[in-house]
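[1] Requesting a structural model of the entry that follows:
(one chain, ligands or ions: 2)
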Amino acid sequence: MNQILKIENVTKKYNNNFKALDNLNLNILKGEIFALLGPNGAGKSTLINTVCGILNFNEGSIRVNDHDVIKEYRKTRSLIGIVPQELNLEAFETVWDNVNYSRGLYGKPPNYKHIESILRELSLWDKKESKLRELSGGMKRRVLIAKALSHEPKILFLDEPTASVDVELRKDMWKIIKRLKSKGVTIILTTHYIEEAEEIADRVGIINNGKIIIVDEKNRLIKKLGQKILKIELSTNILNIPEKLHSYNLKLNNEGTVITYIYDTKANKTGITTLLTELKNHNIQLKDISTEQSSLESIFLNLLKESEYELVRS
Ligand SMILES: Nc1ncnc2c1ncn2[C@@H]1O[C@H](COP(=O)(O)OP(=O)(O)O)[C@@H](O)[C@H]1O
Ligand SMILES: [Mg+2]
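    Residues are numbered from 1 along each chain as shown. Ligands and ions are numbered 1, 2, ... in the order given. Predicted coordinates:
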């Protein structure tokens, strides 16, 4: 897959000189669902708003479909749809007028067929004549998505689409997002729910203090998330790991006095009991054992400590 969004060395300082984005790099692939995961204040909204041209930035470059977001603003903006974090809608307009008007803002000629199909997709067709103030919070969120899709963007940003929505609507949102992906739209969503990233993302990036800490395929990330390290201290050093134990992929550290074993906490069998038995059979004497979280898990835990919000794993 090729890159549809290229963010290079971007730094954003707010007027009070606060650095919300710090030399940030990120590439988004065409057609993927990318989840940007991070605690409150990490810089998620700032990043989205700089890409969409709502905020300017101080250093670096951002290219959408190989167009520069500053020099070719109109072009890049028309390729992007954004569903903002806040529900900011004109209370007295109807759903139909509001979504059609949004399309016009991008200089696109009216296309009632397209707007109808979006409203149907989002289960809003019945509500097309409703005034926005009459809608529930969940329906308003759907209208925001309809508006963002009105001009047929190639990339859709969703800023915390499921924050403070009920479980039912969250599941609906996930379905909507997956359907959009199947139609070729690239999706970037921000979230502080690990569960959400697990459910729908192809790749996940973790942001904290304006920096991307890690980017990886979701499945690889989950694997790492579920791993722990078992540290076995030995009474006397050994020269090498006995051949029979090679399948455990053990590492011998500290001049032969420490064996480490990485295991999957989600597996039915961690292999710990059999490993310890095998060590005994080989007359390897243990002094102490302890476990540590794998590095990604500790990243998450550190994020948790630093944030007011919680990264929820429900
Ligand atoms: N207009 C602003 N002026 C100064 N600081 C801001 C402004 N907007 C956001 N910030 C700060 O920038 C950081 C990132 O904010 P934001 O991008 O909204 O984070 P997130 O969306 O990840 O919760 C936060 O520390 C926030 O307080
Ligand atoms: Mg935000």
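[2] Read off the pLDDT value for the residue in the chain positioned nearest to ligand 2.
    The chain approaches ligand 2 most closely through Ser45 (3.2 Å), counting by CB to the ion. For the C-beta atoms, the positions are set from N, CA and C on the backbone; glycine is no exception. Looking at Ser45, its pLDDT stands at 95.
[3] quick one: it is in a strand?
    No: going by DSSP: H, G, I helix; E, B strand; the rest coil, the assignment for Ser45 is helix, not a strand.
[4] Test my guess that it contacts Gln85.
    Yes: with contact defined as CB atoms under 8 Å, Ser45 reaches Gln85; the gap is 6.0 Å.
[5] between these two, who's got more neighbours?
    The neighbour comparison of Ser45 against Gln85 (other CB atoms under 10 Å) goes to Ser45, with 20 against 17.
[6] Spatially central, which residue of the protein would that be?
    Ala35 (1.8 Å; CA atoms, centre = their mean).
[7] Tell me the backbone dihedrals of that one, please.
    Torsion angles at Ala35 (phi, psi; degrees, to the nearest 10) stand at phi -100, psi 120.
[8] circling back to that earlier point, so what sits against both of Ser45 and Gln85?
    Asp159 (CB atoms under 8 Å, 6 or more residues apart in numbering).
[9] helices and strands around the biggest helix by length in the chain, which ones?
    What stands out as the longest helix in the chain, according to DSSP state H, is helix 167-182. Using 3 or more CB pairs under 8 Å, 6 or more residues apart in numbering; DSSP states H and E as the contact test, the elements touching helix 167-182 are strand 33-37, helix 137-149, strand 186-191, helix 194-200.
[10] Apply 10 Å and report the result again.
    strand 33-37, helix 112-121, helix 137-149, strand 155-159, strand 186-191, helix 194-200 (3 or more CB pairs under 10 Å, 6 or more residues apart in numbering; DSSP states H and E).
[11] what is the mean pLDDT for the helix or strand where Ser290 lies?
    Taking DSSP states H and E as the criterion, Ser290 maps to strand 286-293. In this model, strand 286-293 has an average pLDDT of 89.
[12] which residues touch it?
    225, 227-236, 257-263, 265, 272, 276, 279-280, 298-301 (CB atoms under 10 Å, 6 or more residues apart in numbering).
[13] Equivalent analysis for stretch 118-134, please.
    Contacts for stretch 118-134 (CB under 10 Å, 6+ apart): 87, 89-100, 103, 111, 115-117, 135-136, 138-150, 152, 172, 176, 179-180, 183.
[14] Which among these count as buried?
    89, 94-96, 98-100, 103, 115, 135, 139-150, 172, 176, 180 (16 or more other CB atoms under 10 Å).
[15] So Ser102 sits against His151, correct?
    Yes: contact criterion CB atoms under 10 Å: Ser102 and His151 qualify, at 7.2 Å.
[16] Which residues are in contact with each of those two?
    By CB under 10 Å, 6+ apart, the residues touching both Ser102 and His151 are Gly81, Lys108.
[17] Identify each buried residue in stretch 271-278, please.
    Ile272, Leu275, Leu276, Glu278.
[18] rewinding a little: tell me the strands beside the strand holding Ser290, with direction?
    strand 227-234 (antiparallel) (DSSP bridges).
[19] Which residues belonging to the strand it pairs with are considered buried?
    So strand 227-234, judged by 16+ other CB under 10 Å, has buried residues Gln227, Lys228, Ile229, Leu230, Lys231, Ile232, Leu234.
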